[in-house]
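[1] Next come a sequence and a model predicted from it.
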Amino acid sequence: MALSKEKKASLVKKFAKNEKDTGSMEVQIALLTEQINALTLHLKNNHKDHSSHRGLMRLVGQRKSLLNYLEEHDRDAYIKLIKDLKLRK
């Protein structure tokens with residue numbers, strides 16, 4: 001479930017700190033969230049796809065680790081990001 005180039009570029013543009021920023025915590029978390037949402041929709045229709053479920057759990061764990069790190073180091077950016085992405089925390 002790869003993201004299209006256009007969708008990925010729009011997310012990078014929205015969450016980047018400057019025009020050359022593609023790997024900041026905010027961008028990585030936004031991209032992971034989009035992938036998680038796509039996989040969740042896929043699994044609603046294909047509930048027996050266990051390998052995709054495993055991949056989803058890996059992405060959720062990775063996003064959780066990044067969110068925890070961001071919360072420890074930049075609380076204001078963390079609060080803004082979870083509000084923008086509409087995540088529960």
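    Arrived safely.
[2] Give the residue spans of the chain that score low on pLDDT.
    Across the chain, residues meeting the criterion (pLDDT under 70) sit at 1.
[3] Which single helix of the chain contains the most residues?
    helix 50-73 (DSSP state H).
[4] and the nearest residue to R63 once chain neighbours are set aside, how many neighbours?
    Closest residue to R63 apart from its sequence neighbours, by C-beta to C-beta, 6 or more residues apart in numbering: L32 at 4.3 Å. No exception for glycine: its C-beta is placed from N, CA and C like everyone else's. L32: 18 surrounding residues under other C-beta atoms under 10 Å.
[5] Then H42?
    Other residues near H42 come to 15 when the count uses other C-beta under 10 Å.
[6] That one: which element?
    Per DSSP states H and E, H42 falls inside helix 25-45.
[7] Surely the residue nearest to R63 and S65 touch.
    No: using C-beta atoms under 8 Å, L32 is not in contact with S65; the gap is 10.1 Å.
[8] Tell me the secondary structure at K20.
    What DSSP: H, G, I helix; E, B strand; the rest coil gives for K20 is coil.
[9] who touches it in this structure?
    By C-beta atoms under 8 Å, 6 or more residues apart in numbering, K20 lies in contact with nothing.
[10] Perfect, that will be all.
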